[in-house]
Every structure is written in structure tokens, then in C-alpha cells.
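A.B. asks: Next come a sequence and a model predicted from it.
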Amino acid sequence: MKLAIAFIRIGVTTIIMKLRVLETIEKYQLISHGETLVLAVSGGVDSMVLLDLFIEFAKDFNLTLIVAHMDHAKRSDSALDADLVRQTASKWQLIFEEETLPQAEQAGNFHAYARRGRYQFFKAVAIKHGASKIVTAHHADDHLETFLDRMMKTDVPAGLIGIRPSGYGIVRPLIEIEKKELYEYAQQFNVEFREDTSNAADDYLRNRIRHHITPLLVQERWDVVKHVRALSDNLAIDEAYFNEQVDQLMGAVKKNEAGYELSLLWLQNLPASLYRRLLVRLIPSLSKGAFNELESFLNSGTASGSCHIGGEKVVRKSYDKIVIVDSDADDLKLDFQIELVMNSENKLPDGRKMILKQGNVLENRIFDEKSKKNEAQGTYLCYNNIRMPLMVRNRRAGDRIQLVNKQGHATVKKIMIDAKVPIDERGSWPIVVDADEKVVWIPRLKNSPVCLKKPNSSKDLWLEIYE
């Protein structure tokens, strides 16, 4: 009698489980009618139950199923897993795709290597057959183990979201089903599966969590897997909100071919939750250690400098300006030298233009409207005190300019520092020199004694720069 009651209980449980899987599919909108799906089937109880369920769901949802199996070739009997999946697919006349993971000599972390290989294979199968999604058999116990694993390794809320029900073209309809329910289902419906013997060892952290930690948590709270799922879903909702806020903040960040540019003061005034998330958006590879290093750099009292982030990014600070570029970017070395042609627009590498004219242009200034509109700046030059031709070029090491009233000389570099020119602009700032390489004018920064407020003769020159 007790045995009969037990079988009745199992039967009811499996029926309820099917309904719960359908509820999960509807709740998270995992699949739609008429889709072509790639089922990732390893041969274990999780994926074989998934396959059995979707063979039934295919009728109601009008689904086309592709069965994909990756043989990791780590166990001597792994070929038997492939045989079981292949035979089951053949029985139900389903398309079957399989591949053996290449055994790289230097694979490093094998689990990470195997995961990359699996998903590359699944995505290739999806492309081949025009499938819209990849379906995996991750379940509630997997999620709990991932949550505990992440809790020991991460210190940001997003890391605790764990395994999401869907994302990046992958859906997980069993994510709210416990492992024990899958075993009960397999027993009730005679679903064949194979056990991975490596799961019994305590060699890996995930196995130790599964064998020693989660059983204690279940003893303390029987519905802990549901509780952690709800916690993760709430964290995901919060993270979605913060991502929207970061999307809006990105509007205040200038983006160009070299990278990003933003205000240090503006960044530091952001709430801590957005400050961190924005930096991670700008530098996706930002680790905890790199973040702490970057934060110390940004908060240091130095006016300018640079911080290398993991060999991939360089963050440059110059007063209130932050520039984030690839580490191999060479935006500080814009080397140019252009001879200024009389009565012509001379284009500079940064898009601005220079015009050189002779005579008193103030009396009949044809560039007046254009100059006002484009915030131009100009100066007269004493023709008798310079040697033509005039050149415009970037700053060179040792450049000096004679100060007005013959008060000695100053280095161009110091003038730029005193004027708080951002460090990443100093190397490309236009410098006007004569044929003897004497600096005669630094636009918007400094005039030399050859610069005049008004011409002394018809030979004197007018030099103007504008956007």
C-alpha cells in the first residue's frame, strides 16, 4: 500500500512539474509558436528530461527541434553518452548534430574552455539550421550552486543574479525545477539517461558546494532554491533599472574614434552605485583590483597623469578631463607640419582652418561673419621681423616663445600647463613658426613680440584660425 501511494505521489509530482515548466516558459516568455530550437543535450538526467518534455511541447507549440551533443572526451565512456542521445533523436526522427571537443594541450581552466567550446558549437548549429534559440537544461539546483559560487567570488550585486532564465539567445525552461524532480520525472516516464561519474568527486568547488553546502541549506530552509531564485529575479530588476540610468549618463560622455572623454568632477559627483557601473560600462574588463587602482588614481591630488588598466585601456587625467583609450592608441602623437599659403584656407589635421593674408584686413575684412560665427582668433604679424614662409605644426620638444616686451622666453609646454590645456591636446595644438623655427604665435594662448594689434604697413600679415 505504501509503495502504491509513493508511485501516486510521484505521478502527481511529474504532472505538476510539466505544468510548472510551461508556467516558466510563459512567465519569462522563453519560446514562441513555430520556432526552430537547438536543444543542448549531454545525456544526463537534466538534458534527457528536457528533450522528453520538448518532444511533447513541440506538438502544442509547433516547434522544430534540433538535438545537439558535445562530447568532451574526458571520460573513457563518454562515447556512450553520444550514443544514447543519438539513438533518442533517431527514435523521434529529430535532426542530430554532434561534435567532439578538441583536446587542447594548454586549455587552462578546462571547465571554462569546455563551456566556450560548447556554446560555439551550439551557436554554429543554430546558424546552420536557422534556429532562433538554444535551449539548455539548467535547473534550480544549478542556479543555487552558481549563486553560492558567485557569493564567494564577487562583490557586486549583478554577480549574484546567477543563471538567468534567458539571455543572449539562450533559454532555460527548467530553471525553476529542482534536480530531485527531474529524477522523479525520469523514473515515472522511463527516460533513459547516463550519470557523469566525475560529478561524484570533490575535486571542484561546484561539486563541494553541491555535496556539502546546499544539503545543509535545504535542511535549514526547504524552499531555499525558490528563495534564491526570487532574490536573483529582484536583483535583475534592480540591475535593469541601473542600466537604464547608465544609458542616460552615457549621453554626457563624448565618444570618438580614440575612445571616451568625460568630466572628472561630474563623474565624482555621481552616486556610488552609478559611478561604478558607468566605469564598468566604459571599461568592460574592469576587475575589482583594477577598479580600486583606477579609483585611487582619479581621486589622487595630481592634476594630470595616466593609469593603465590590465594592458587593454589607458585612462588619462588632465585637470577636469578624463580620456579613456585603448592602450595602443597613439592620439598624443599627431605629428604634422604645414606651410601656410597666402590668401588660402589652410586645413589643419584637427579640422580647423588657418587663413594668411597681407594688408589691413580690418578695413575690408571679408572673413568677418565667418570669424564671428566660428569663434575665430587672429593676430597681425610684423612682416619685417619674420622670415617667410610661415609654418604651422605640432609642438616639439624644446619649443620656446619670446615673451612680449622682451621679458625673456618661456617653453611652450609650460605655457600649455599654465593655461590648463588637457594633456592629450598638447601634442596636437597648432604652433606657428617662421623659416628659422622661431615660435611666433600660439593660437589662443600666447603672442610673441612680432604679433601686432594693428598693422604698421601694407606688408604686415593677418593670421587667423577658426573652426
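C.D. replies: Received it, and whenever you're ready, just let me know what you need. Numbers count the residues shown, from 1 in each chain.
A.B. asks: could I get stretch 350-359 in CSV with only the CA atoms?
C.D. replies: C-alpha atoms of stretch 350-359 as CSV (Å, rounded to 0.1, in the frame of the first residue of the first chain):
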residue,chain,number,x,y,z
ASP,A,350,42.0,68.6,-36.3
GLY,A,351,39.6,70.1,-38.8
ARG,A,352,40.2,73.8,-38.1
LYS,A,353,41.5,76.2,-40.8
MET,A,354,44.0,79.0,-40.9
ILE,A,355,44.0,82.0,-43.3
LEU,A,356,47.1,84.1,-44.0
LYS,A,357,46.5,87.5,-45.7
GLN,A,358,48.7,90.6,-46.3
GLY,A,359,47.5,94.1,-45.6
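A.B. asks: Show me the contact partners of that stretch.
C.D. replies: Here stretch 350-359 makes contact (CB atoms under 8 Å, 6 or more residues apart in numbering) with 334, 340-348, 367, 383, 390, 392, 428, 430, 455, 458-467. From N, CA and C alone the C-beta is placed, and that goes for glycine too.
A.B. asks: Swap in 7 Å and give it another go.
C.D. replies: Applying CB atoms under 7 Å, 6 or more residues apart in numbering, the external contacts of stretch 350-359 come out as 340, 342-343, 345-348, 367, 390, 392, 428, 458-459, 461-467.
A.B. asks: Please pick the buried ones from those.
C.D. replies: Buried by 16 or more other CB atoms under 10 Å: 340, 346, 348, 367, 390, 392, 428, 461-466, out of those.
A.B. asks: can you redo those as a markdown table with distance to Ala435?
C.D. replies: What follows is these, written out as a markdown table (distance: CB to CB, whole Å):
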| residue | distance to Ala435 |
| --- | --- |
| Leu340 | 11 |
| Asn346 | 16 |
| Leu348 | 19 |
| Phe367 | 25 |
| Leu390 | 8 |
| Val392 | 13 |
| Ser428 | 23 |
| Leu461 | 14 |
| Trp462 | 19 |
| Leu463 | 15 |
| Glu464 | 20 |
| Ile465 | 20 |
| Tyr466 | 25 |
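A.B. asks: for these, which one is nearest Glu184?
C.D. replies: If you rank these by distance to Glu184 using CB to CB, Ser428 comes first, at 69.9 Å.
A.B. asks: my guess is that closest one contacts Val392, does it?
C.D. replies: No. Look at Ser428 against Val392 with CB atoms under 7 Å: they stay out of range, at 11.4 Å.
A.B. asks: What lies in contact with stretch 91-103?
C.D. replies: 55, 65-73, 82, 86, 89-90, 114, 117, 121, 125, 129.
A.B. asks: Nearest to Tyr183 among the buried ones among the contacts of stretch 350-359?
C.D. replies: If you rank the buried ones among the contacts of stretch 350-359 by distance to Tyr183 using CB to CB, Ser428 comes first, at 67.5 Å.
A.B. asks: Relative to Glu437, how far out is the closest one?
C.D. replies: 18 Å (CB to CB, to the nearest Å).
A.B. asks: Would you mind splitting this protein into its domains for me?
C.D. replies: As assigned by automatic domain parsing, the chain contains the domains 2-239, 253-326, 337-466.
A.B. asks: For the stretch 351-467 of the chain, which segments count as helices?
C.D. replies: Assigned by DSSP state H, counting those that start in this stretch, the stretch 351-467 of the chain shows helices spanning 368-373, 412-418, 423-426.
A.B. asks: Now the shortest one: average pLDDT?
C.D. replies: If I follow you right, that is helix 423-426. Mean pLDDT, helix 423-426: 73.
A.B. asks: Next step: the contacts of stretch 91-103 restricted to strands.
C.D. replies: Among the contacts of stretch 91-103, DSSP state E puts 65-71 in strands.
A.B. asks: Tell me who's in contact with the spatially most central residue of the chain.
C.D. replies: Note on the chain: the residue nearest the mean C-alpha position is Pro284, at 3.8 Å, using CA atoms, centre = their mean. Pro284 makes no contacts at all, as judged by CB under 7 Å, 6+ apart.
A.B. asks: Need the three-state assignment for it.
C.D. replies: Assigned by DSSP: H, G, I helix; E, B strand; the rest coil, the conformation of Pro284 is coil.
A.B. asks: One more: Ala131?
C.D. replies: Assigned by three-state DSSP, the conformation of Ala131 is coil.
A.B. asks: right, and it touches Leu65 too?
C.D. replies: No. The criterion here is CB under 7 Å, and Ala131 misses it with Leu65 at 9.2 Å.
A.B. asks: Quickly list what's touching both of those two.
C.D. replies: Leu37.
A.B. asks: Now stretch 315-325: buried residues?
C.D. replies: The neighbour-count check on stretch 315-325 (16+ other CB under 10 Å) flags 315-318, 321-325 as buried.
A.B. asks: Could I have the CA atoms of that stretch written out in CSV?
C.D. replies: Output in CSV follows, covering the C-alpha atoms of stretch 315-325 (Å, rounded to 0.1, in the frame of the first residue of the first chain):
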residue,chain,number,x,y,z
VAL,A,315,42.9,56.3,-18.5
ARG,A,316,44.4,59.8,-18.8
LYS,A,317,43.6,62.6,-16.4
SER,A,318,44.2,66.2,-17.2
TYR,A,319,42.7,68.6,-14.7
ASP,A,320,38.9,68.0,-15.0
LYS,A,321,39.2,66.0,-18.2
ILE,A,322,39.3,62.2,-18.3
VAL,A,323,40.1,60.3,-21.5
ILE,A,324,39.8,56.5,-21.9
VAL,A,325,41.5,55.0,-24.9
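A.B. asks: Can you give the distance of that stretch from its chain's centre?
C.D. replies: Using CA atoms, centre = their mean, to the nearest Å, the mean C-alpha position of stretch 315-325 is found 19 Å from that of the whole chain.
A.B. asks: got it, and stretch 453-467?
C.D. replies: Centre-to-centre, stretch 453-467 and its host chain are 50 Å apart (CA atoms, centre = their mean).
A.B. asks: how long is that stretch end to end?
C.D. replies: 22 Å (CA to CA, to the nearest Å).
A.B. asks: Equivalent analysis for stretch 210-225, please.
C.D. replies: Using CA to CA, the two ends of stretch 210-225 sit 12 Å apart.
A.B. asks: returning to what we had before: how about the backbone phi and psi for the residue nearest to the centre of the chain?
C.D. replies: Backbone torsions for Pro284, taken as degrees, to the nearest 10, come to phi -60, psi -30.
A.B. asks: Start the count at 2 instead of 1 going forward.
C.D. replies: Noted, 2 is the first residue going forward, which turns the last one into Pro285.
A.B. asks: What are the boundaries of the strands in the stretch 302-451 of the chain?
C.D. replies: Along the stretch 302-451 of the chain, the stretches classed as strands by DSSP state E, counting those that start in this stretch are 305-310, 314-319, 322-327, 338-340, 346-348, 354-359, 378-382, 392-394, 401-403, 410-412, 432-434, 440-443, 447-448.
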